[in-house]
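K.L.:
Have a look at this prediction, sequence included:
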Amino acid sequence: MTILIKGGRVIDPAQGVDGQFDVLIDNGVISQVGKNIASANFSGQVIDAAGKLVVPGLIDIHVHLRDPGYEYKEDIQTGTQAAVIGGFTSVACMPNTNPVNDNKAITLYIRHKAKEIGLANVFPIGAITKGLKGESMAEMGELQEAGCLALSDDGKPVNNSELMRRALEYSRPFGLTLISHAEDLSLVGEGVMNEGFVATELGLKGIPWVAEDAATARDIMLAEFTGGKLHVAHVSTKGSVELVRQAKKRGVRVTCEATPHHFTLTDEAVRGYETNAKMNPPLRSSEDVAAIRAGLADGTIDAIATDHAPHHFDEKNVEFNIALNGIVGLESALPLTLDLVNEGILTLPQAIRLLTCGPAQALGIPRGTLAAGVAADVTIIDPELSWTLEAEKLASKSKNTPFDGWIMKGAATHTLVAGKIVYQR
Amino acid sequence: MSFRHKHILGIEQLSKEDIQLILDTADNFKEINSRDIKKVPTLRGKTIINLFYEASTRTRTSFEIAGKRLSADTVNITASSSSVVKGETLEDTAKNLQAMAPDIIVMRHAASGAPHYLAKRLHCSVINAGDGAHEHPSQALLDLLTIRQHKGRIEGLTVAIVGDITHSRVARSNLYALSRMGAKVRLAGPGTMIPPGIERLGAEVFTDMRAAIEGADVVMMLRIQQERQGKTMMPNTREYARYFGLNPTNLALAKEDAIVLHPGPMNRGVELSSVVADGPQNVILEQVENGVAVRMALLYLVSGGEQNQG
């Protein structure tokens, strides 16, 4: 099967490519990116991409597919369906499933099921500690052998500093990246939203920025001390961005990601006790939003990741205090990222980098480029397409989004995984 | 003027005119409370549910008496405060209550925003009787009524509110109500109990209680609730009393005719020294008395006020 994508603006930040090119896919791999590839005697499929962007398949390194164990929220089928609709060809899924992905068997189950379904590539992230309990290390070597590129206790921090130190040391020879969910739980206390004026007005307990900064600082120092590779998940504060910026300058092996909701919304969205604006880390102040945008623009932040966190309606339709944290994000990330381009915060190649080779390099995923010979994961984007996000119409099993009713600009029109069209708008 | 609010979820939503009307209506109802037969037929045939998810004696009794004096049928439901433990969700409780067709639900809940949640889902009126650390509108209104009774006005007065502002719904509701009526509000409390940004709501913030009290017309002391503060907010009640308790010495800094309010139940020897608690400037029992009248006014006004009397 050969496919020729004609006439689009090809942006491949990994190779510094940005221009009008055709992309030829042969047998599931990129065969050629070039000017005016002849289609006269071409027997394969031709996709007209005039006016569109042709980019490496988007990569989301932070999703919760909820499978196994919480299939009432999401499963690998619906999660990867939502991914390809959102233009994502690869996702990395967090281990807080039931049972926890802290062993080879669960990792293999996830990989096999994803392969059988055949939509997006799924890269399982293993747990740092057994059962996410923060007490002892998971079998990191076997997890790596089974296909994990990174480990995380996402949802909670590894509270014990010594254990985090040892995990960084032990994982290093296996080439694993440790993903930090940076949160000092004693500073979080019973907090349910960002500490600040809005929390004061609403009478809700606050989560101060220092709860994130203190934990980020610790993990960066441990990475610096051990030489281990650290990736900081969902940075949400001005201070965290600055800590990563300084650490990178010192040569610490650290990368980080930010979510679309943290660069789009502030804690004002919580007003009305809106449980779809409840997440962890919480939505922060406008100053934090500005700092994250600056971090995306200057390269401090390596990746945009959704923290796609499906929850059942009943888990959000409760008092704010007891509502679960998180929102779905796979189907809204691309237009929210393109908004930063429209607002002049990022250039288009910068935005694409943050969704392709940026995240790929952060976790060592062998994707995120249109170089000849690599698997043909390609996303074709209509950046001008205007559409309304309707929560009920999301492909994800869960509809917990604060963006219901938003008019979005930009969407994937074709998503190709290994040369196969898995989604077409 | 007419009252257009179906729910009383907080003072934040009320205008100066609304507050004025509630206080004037309450003044009228006060007379009923001193009659021999303390009952009028105003809300006959109406059903009021007092839905209390948090322990409360004063507020629940006050609302119950208010409803009964207006001839409404009042029912009390005391539910476990933690819906986190297995049990009916608030959504299901709301649906069940709806099915019994009440006219008014008076709700207290430990979660800020719970009455707002209920109001969105029910056809009946919802009155917030205290939600988390958010608002306690009837308390603020009875405080204002008491102040107005003594001072003849609210505008231009200086009111010092002292205590745990962070966890206090009484402080928030009073701050809204007093500022809206033109009083100057000063807040004082330990460094751990002043919530960020509170000054943006129009208050002047002090860490020295004496500075806050100086020249004040009204001193409002908040209940210190150790169960809320946990162990990390202050050393102990002894030290708290030393810096944030009201005693004759620091009360002397206020105006000579200053009055002392407390939402109750008070911790004698902590927020108020016994001398102040039993002193002539204290109007705490009048607050309780005015509470019934204010709650009668709220029940009456959300039921449609004048249109209801025919």
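P.N.:
Looks like it came in fine.
K.L.:
all helices for chain B, in order.
P.N.:
Applying DSSP state H to chain B gives helices spanning B:16-33, B:58-69, B:90-99, B:114-121, B:137-151, B:169-180, B:209-213, B:226-229, B:237-244, B:248-251, B:274-277, B:284-302.
K.L.:
could I get those as JSON lines with distance to chain A?
P.N.:
For every residue, glycine as well, the C-beta is placed using N, CA and C. As requested, those are exported to JSON lines (distance: least, C-beta to the nearest C-beta, whole Å):
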{"stretch": "helix B:16-33", "distance to chain A": "19"}
{"stretch": "helix B:58-69", "distance to chain A": "17"}
{"stretch": "helix B:90-99", "distance to chain A": "6"}
{"stretch": "helix B:114-121", "distance to chain A": "5"}
{"stretch": "helix B:137-151", "distance to chain A": "13"}
{"stretch": "helix B:169-180", "distance to chain A": "6"}
{"stretch": "helix B:209-213", "distance to chain A": "18"}
{"stretch": "helix B:226-229", "distance to chain A": "10"}
{"stretch": "helix B:237-244", "distance to chain A": "19"}
{"stretch": "helix B:248-251", "distance to chain A": "26"}
{"stretch": "helix B:274-277", "distance to chain A": "28"}
{"stretch": "helix B:284-302", "distance to chain A": "20"}
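K.L.:
what's the least confident stretch among those?
P.N.:
For these, mean pLDDT drops lowest on helix B:226-229, to a mean of 64.
K.L.:
if we can go back for a sec, now mean neighbour count too, for the helices of chain B, in JSON lines please.
P.N.:
Formatted as JSON lines, the helices of chain B follow (neighbours: other C-beta atoms under 10 Å in any protein chain shown):
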{"stretch": "helix B:16-33", "mean neighbour count": "18"}
{"stretch": "helix B:58-69", "mean neighbour count": "21"}
{"stretch": "helix B:90-99", "mean neighbour count": "15"}
{"stretch": "helix B:114-121", "mean neighbour count": "22"}
{"stretch": "helix B:137-151", "mean neighbour count": "24"}
{"stretch": "helix B:169-180", "mean neighbour count": "26"}
{"stretch": "helix B:209-213", "mean neighbour count": "20"}
{"stretch": "helix B:226-229", "mean neighbour count": "13"}
{"stretch": "helix B:237-244", "mean neighbour count": "16"}
{"stretch": "helix B:248-251", "mean neighbour count": "16"}
{"stretch": "helix B:274-277", "mean neighbour count": "16"}
{"stretch": "helix B:284-302", "mean neighbour count": "23"}
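K.L.:
With distance to B:Met220 as extra columns, can I get those helices in CSV?
P.N.:
CSV is the format used below for the helices of chain B (distance: least, C-beta to C-beta, whole Å):
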stretch, distance to B:Met220
helix B:16-33, 17
helix B:58-69, 16
helix B:90-99, 31
helix B:114-121, 23
helix B:137-151, 7
helix B:169-180, 7
helix B:209-213, 10
helix B:226-229, 18
helix B:237-244, 13
helix B:248-251, 12
helix B:274-277, 13
helix B:284-302, 10
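K.L.:
Just give me the residue right at the centre of chain B.
P.N.:
B:Gln139 (1.6 Å; C-alpha atoms, centre = their mean).
K.L.:
one step back: tell me which of the helices of chain B approaches A:Lys399 most closely.
P.N.:
helix B:90-99 (16.1 Å; C-beta to C-beta).
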